[in-house]
Every structure is written in structure tokens, then in C-alpha cells.
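Undergrad: pasted the sequence and its predicted model underneath.
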Amino acid sequence: MLKTHRRHALIGFAAGLLTMMVLSGPVMAKSTVTMLIDNGPNTVALAEALVKAFELKNPDITIDIETRPGGGEGDNIVKTRLATGQMTDIFYYNSGSLLQALAPQQTLMDLSQEPFMANVSDSFKQVVSVGDAVFGVPISPAEAGGIFYNRDIYAELGLVVPKTWAEFMANNEKIKAAGKTALIQTYGDPWTSQLFVLADFFNVQKAVPDFATQFTAGVAKFAKTPAATQSFERLKQVHDANIMNEDFGAATYNDGLRMLVNGEGAHYPMLTFAIPALSDNYPELLDKVGFFAQPGDDAANNGLTTWMPGGFYIPQTSANPDLAKQFMAFVASTDGCKVLEDTVGINGPFLIKGCELPEKVAPVVADLLPYFAEGGQNAPALEFLSPVKGPILEQLTVEVGSGIREPADAAARYDEDARKQAQQLGLPGW
């Protein structure tokens, strides 16, 4: 009797479970995809938002996010995990020369034949490619190096955005004559001292179109190429003109942003990745800020040096390549762009075709658009075209910008630093 009761109970339980399954539909088994990103606040916020939106559209897929440190420690983690076959299904990393150091042909999945890659702009593909193989999709808009300026000061003094270096220096003299700080420099954060050299590369490439290729091959040198040496000379000129803030040696990046928006200085050479910081910290003053490309010597060839964002990549060892590609397709879509816009805002033009900027953007963002429009002029920074970048550049630019070292000597020392870096990378010709 007891056995019969148990049998009836089991039959009843099974019938109830079957009824629940019929009413609720089939139970889907979820697939899990793994992702590795750096721990930068913007990277984490954007990756989490993209994953959340993707999972809503694909409820049968879960993406587990793992974070790593930034800088050299993070680089070593990425390289080690790729080398040992322990990389996640998807990972976020730099584009350009740092990506080339991962030997992408041997470690990453070629995405060039995937349909979603038709949505990715050619300017980004250029910095995530080797030969015909393309390895990544962009995680954010394009950025640029150039000069932020205070619109109120320009309006007060009747200044026009310069198209040549001579016009830029003339503006600086007028600002100085008005009793204002013409140029903000923040060598307390040494990396900021590099902008006049790095953002000048559009002008170098216009003068010497094959400089990046010849530099990588060990043929072209900064000290022996007048257009490249001139990038260091820009630093000396602004120092000798006595147009900088008095505390340029101790001021920091955050000081520079504050001085810019408050009108304590008219110009600040910087990357446009500063736009979100300006928007977050000084939302009521953002409209006071403008931006222009670092001028060269020819107004007819005025153009912008661009920085490409990092991207998502799939290692060849991925256990779920098809699901990883499904996520990549989402990132490279208008849905992905909408997530980006809603999460971290817009600080430059999208690199995904079909993604349109909102009708109203900050004036400083609008200033970037003509350089990217059809007929506009832009070119990637040298670090996206060559794997060679000497680590002591910021030390040399601080010294030149402080009047301690001559430009020609700094250029020669940088060539020697680049030679050591190239030899470590095993590049021929060095």
C-alpha cells in the first residue's frame, strides 16, 4: 500500500512538472561566454552596459565579465593568457602598435569575412589589421589630439581659429598682450607634455607620406627628418615665447582642465578623451570649450591627428567563437552605438556605419566633425601605424618644453630610444 502511494505521488509530480513545462514553454539551456576587460571606470561601465543590452536581446546567452589592471601589468596578463591558451572568449585591448605586439596573426581570430565587419569604418580597420586580416571592432568613437581653447577668450579678443602654426603663435601673443595665460601646460603629469609632438604627426605625414613605414624599417629618423624634428621645435617655441602658466612644471592634467573651462588659460594641448571629464566635472561650462587640430605650416593642408579607440577581439583559442562573433555583431551595430551614447556620452564621431550623432552635441564635439566629414582631413597618430614608440618620449618633451634640452638633441635621443625598442621587438633594419 505504501509503495502504491509513493508511485501515485511520483506520477502526480511528473504530471504537474509536465504541465508547468507546457504552460511556461521549453526550458532553455543558457550558454556562457567569458570576457576580459581593463578596470578603467569608463571601460567597465560601457562593457557592462553592452553586455546587459546584448543579454536582453539574447536571453539564452550569458556573458561573464572579468577585469584586469591597466598599464604594463595588464599588458602582461593579456600576453600571458594568450600565450598559454587561457584567454577568455572575448577581450578588450588597444588598437594600433600595442595590438601588433600581440602577434595577432598567431593569436587572434580573423574577422575580415564576417558580415558585421562591413559596418566598421575603414579608418578603424586600418589599425586592427595585418595584411588582409582584420581582428577587432571598436568599443568607442574616434578621438584626436590637438588644442582645446576657451571660446570666451577668443570672442573677447576677436580671435579666429588658426589654420597655421604662425597664426596660432600670433593668437598666443595677442592673448599674452591682453594679460592672460595663452598656453596651459601640465608637466606635473609628464605624459601631457607629449601632445605637441604626437598631435603634429598629420603634418609630418603630409610632408613625408611614407615616414611611418620608413621609421618602422629603421630608415627614417626624427633627428634627420626636418618635419619630424620640427615637432620638438614646437615645444621650444612656446617655452621661449613665455606664454605658459607659471606653474607649468607642477600643474596636473586636472589643473589644466580647470584652468581651461574657467578662462585661466586660453589653449590646452590635449587628447579629446578629456571631453567626458570636462562634461562630468564642468557640465555648466562645457559650451565654453572649443577644439582645433594642431596647425602646421600650410593652411591648405590643415588636418587632424586621430587616436583610434581600443576594441574587442576574439582569441583563436575561444571555446565559443560563434557566440563571441554574435556579441561582436551587436557592438558593431546601431544598437551598440545607442548603448555607448547612453552610457558614456559622445566625445567624437562614431566608427560604426549607420550610427548618427544626436542633433545636439557639445560645441567641442561639433568642432571635430568637419575633419571626419567627406573631404575632411585626418590621419592616425604614428603609434597606430608603427609598433615603435620609445618609452622616454615624455621625459624628453618635458625637458624641451622646460627649456632644459634642445629640440635636435631630444630628437636624436628619441631615435636612440626607438632603436632599443625596435630591437626588443625584433624588427629588421635596426
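TA: Here it is on my side, so go on. These numbers were taken from a predicted model, which means no experiment stands behind them.
Undergrad: Leu393 contacts Val197, doesn't it?
TA: Yes: if you go by CB atoms under 8 Å, Leu393 and Val197 touch, sitting 7.0 Å apart. Using the backbone N, CA and C atoms, a C-beta is placed for each residue, glycine as well.
Undergrad: compare those two (neighbour count), which wins?
TA: Neighbours per residue (other CB atoms under 10 Å) separate Leu393 from Val197, with Val197 holding more: 31 against 23.
Undergrad: distance of that one from Lys338?
TA: Note on Val197: its distance to Lys338, by CB to CB, to the nearest Å, is 37 Å.
Undergrad: what helix or strand is Tyr92 on?
TA: Using DSSP states H and E, Tyr92 sits in strand 90-93.
Undergrad: partner strands of that strand, parallel or antiparallel?
TA: Note on strand 90-93: by DSSP bridges, its sheet partners are strand 31-38 (parallel), strand 311-313 (antiparallel).
Undergrad: hmm, who's touching that strand?
TA: 33-38, 43, 47, 63, 78, 99, 102, 136, 139, 310-315, 318, 324, 327-328 (CB atoms under 8 Å, 6 or more residues apart in numbering).
Undergrad: in the sheet, who's paired with Phe291?
TA: For Phe291, the beta-bridge partners are Phe148 (DSSP bridges).
Undergrad: quick one, what contacts Phe116?
TA: Phe116 touches 137, 325, 328-329, 332-333, counting by CB under 8 Å, 6+ apart.
Undergrad: identify the farthest-apart pair in these.
TA: Lys325 and Ser333 (12.6 Å; CB to CB).
Undergrad: please name the nearest non-neighbouring residue to the residue positioned nearest the centre of the chain.
TA: Taking CA atoms, centre = their mean, the centroid of the chain lies closest to Pro309, which sits 3.1 Å from it. Nearest non-adjacent residue to Pro309, counting by CB to CB, 6 or more residues apart in numbering: Ser140, 4.2 Å away.
Undergrad: got the contact list for the one you found?
TA: Counting by CB under 8 Å, 6+ apart, Ser140 touches 46, 309-310, 340, 344, 347.
Undergrad: same thing with Phe327?
TA: Contacts of Phe327 were listed using CB under 8 Å, 6+ apart, and they are 33, 50, 54, 61, 63, 90, 312.
Undergrad: same check on Leu304?
TA: So Leu304 contacts 144, 146, 202, 293, 368, 371-372, 376-379 (CB under 8 Å, 6+ apart).
Undergrad: how about 6 Å then?
TA: 144, 293, 371, 378 (CB atoms under 6 Å, 6 or more residues apart in numbering).
Undergrad: for it, give me the backbone phi and psi.
TA: Main-chain torsions, Leu304, degrees, to the nearest 10: phi -110, psi 140.
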